[in-house]
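Participant: Generate coordinates for the sequence data below:
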Amino acid sequence: MSYKTIKVVTQKEILTIHRRLFKHSSIGHFLSLENNEPISEDTDLVEKLRELEEEISKLYKQWKPDKEIKVWVGFKVNFNDILSLYLSGKCGSELRSIAEKYVSLKQLDKKSCTYTYSDWSPCDEKTRQQTRKVLSKAPQGCIEKERPILEQSCTPITKTPPTCSFKYSDWGECSRATKKQTRSVLSKEPAGCVENQRPVLEQGCTPPPTEEEQRRALFNCICKYSYGIVGAHYHPEPVKGYSPSCDDTGNGPCMGGEWGCYRYFMSYNENVLEYCFGIDSKDKGDSKYKDEYLKAVSIIKEENKKFAKPLSVKIKALKNPADFGDIVELTAETIGGTGGYKWSWSGCAQDAKDASAKVVNTRTCTSCTASITVADQDGNTASDSLLIQCNNLRVKLTKESPKENKIPIGGKATFLAEVFSGDKPYSGPTLSYLWERNPDVLFGDLKILNMN
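Facilitator: Below you'll find the predicted structure:
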């Protein structure tokens, strides 16, 4: 459907009117010059166009009351008719209002622009403003419904100076009096930094042990690992009332004991060497091991020597003189030295075991000498010898009957054989008796009277 125009105008005239009406350089940007151009089918746009067309129809009736006009949705009102209304001078203000609505409706059919910006510039400390630029906008042909935001207020960032870090000297020696050590600041960085905290120039410390403290610590270790005694420790000072063993420092510089107090000397076994001197027995073949071993042993021997009594040994016999057949028990009583005794028996001593031995007189009865040599762990030695005497046996033969010394042929006589060891009756093991045969005498039953 088309409308008759009251006045035909050229495209140039339309452009001139459009610039006056809309103040825009391109007529085609908002309105089409072609008649009956289809519009968007967007529902909201259609509804608004209906309202706009109703207003246009009312204006047509005012301008041409004798002509019935109908505006169809889906077609643009003939642009020449709108211009004719404007040129006629009638309804000028209404036409301008309708035209503006028409333009805004055409803009609804286009998408709004979205912008890609550059980063914000640093905040200006004086103006407290920062700016940015539009790098691009999309989509193509979009409508700039809102101006891009290219400036905003801001708060300038105040630069805080960095915190100082310090470079220190090494810590000084630990003072025994104050138990503290100090150091100094060699430098601080970075330049212009702020000392938010004071440099640490002093700290508590544990003074290194003195030579005497080191010495006692070593001897404590040696006492602990010498024999595994409970509560073992180095205690060279004399005590009183602890026990007979502990009250006598001659028994050694170490003290300990679970159910009492016991003194003893330091040893140099593998545990002592490993845990107190760091000497591993696996390295025995190494020359370094030998040197370290000898040094450790020397330290222990020197300390033991300060407390050791002279080493002595004495052989004690359970029975001396002994009788024929006796087995004499011998004991080597050893005192002094540094302990760790080793005994070596010689002479007529037999079945030796540590401090014990025996002298056996079951086959012969002769005097003999038993000897002993004892050595302590530090190499000190002592010796002793004991003469073990044996009483010879003698037999006393007594006729008990008849009283007369004459016996008739076929008569009998009774004899008593008594055995003596020295001057005392024999009291040893059971003896066997052998009566001497005589061809003129017939012996009867033997009765052993002297038996044990």
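
Participant: Compute the distance between the closest residue to M255 other than its chain neighbours and Y242, please.
Facilitator: Leaving aside its sequence neighbours, M255 sits nearest to H235 (Cβ to Cβ, 6 or more residues apart in numbering; 4.2 Å). For the C-beta atoms, the positions are set from N, CA and C on the backbone; glycine is no exception. Counting by Cβ to Cβ, to the nearest Å, the separation of H235 from Y242 is 10 Å.

Participant: cool, I388 as well?
Facilitator: For I388 relative to Y242 (Cβ to Cβ), the value is 40 Å.

Participant: With neighbour numbers in mind, choose between the two.
Facilitator: Between I388 and Y242, counted using other Cβ atoms under 10 Å, I388 has the larger neighbour count: 23 against 17.

Participant: What strands flank the longest strand along the chain, and is each parallel or antiparallel?
Facilitator: With secondary structure taken from DSSP state E, the chain has its longest strand at strand 327-337. In the sheet containing strand 327-337, its partner strands are strand 309-317 (antiparallel), strand 356-360 (antiparallel), by DSSP bridges.

Participant: joint contacts of H235 and Y242?
Facilitator: Listed as contacting both H235 and Y242 by Cβ atoms under 8 Å, 6 or more residues apart in numbering are M255.

Participant: what's the spacing between the residue lying closest to W345 once chain neighbours are set aside and K180?
Facilitator: The spatial neighbour of W345 that comes closest, neighbours along the chain excluded (Cβ to Cβ, 6+ apart), is A352 at 3.9 Å. Using Cβ to Cβ, one gets 64 Å for the distance from A352 to K180.

Participant: Which of those two has more residues huddled nearby?
Facilitator: Legend: neighbour count by other Cβ under 10 Å for A352 and K180, higher for A352 (17 against 13).

Participant: Could you tell me whether the more buried one really is in a strand?
Facilitator: Yes: looking at A352 with DSSP: H, G, I helix; E, B strand; the rest coil, it is inside a strand.

Participant: Thought W343 was touching it, still the case?
Facilitator: Yes: A352 lies in contact with W343 (Cβ atoms under 8 Å); the separation is 7.4 Å.

Participant: Most tightly packed of the strands paired with strand 327-337?
Facilitator: Most buried of those by mean neighbour count (mean count of other Cβ atoms under 10 Å) is strand 356-360; its value is a mean of 19.

Participant: now what about that one, what contacts it?
Facilitator: Contact partners of strand 356-360, identified using Cβ under 8 Å, 6+ apart, comprise 317, 322, 327-332, 345, 348-351, 368, 370, 372, 388.

Participant: switch the cut-off to 6 Å
Facilitator: Contacting residues not belonging to strand 356-360 are listed as I327, V328, L330, T331, W345, C348, A349, Q350, D351, A370, I388 [Cβ atoms under 6 Å, 6 or more residues apart in numbering].

Participant: same for the helix or strand just after it, what does it pack against?
Facilitator: Using DSSP states H and E, the next helix or strand after strand 356-360 towards the C-terminus is strand 368-375. Contacts defined by 3 or more Cβ pairs under 6 Å, 6 or more residues apart in numbering; DSSP states H and E place strand 368-375 against strand 309-317, strand 327-337, strand 342-347, strand 381-388.

Participant: Would you mind giving these as JSON lines with distance to S401 and mean pLDDT added?
Facilitator: Shown next, in JSON lines, are the helices and strands packed on strand 368-375 (distance: least, Cβ to Cβ, whole Å; pLDDT from 0 to 100):
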{"stretch": "strand 309-317", "distance to S401": "43", "mean pLDDT": "95"}
{"stretch": "strand 327-337", "distance to S401": "39", "mean pLDDT": "94"}
{"stretch": "strand 342-347", "distance to S401": "49", "mean pLDDT": "96"}
{"stretch": "strand 381-388", "distance to S401": "42", "mean pLDDT": "95"}
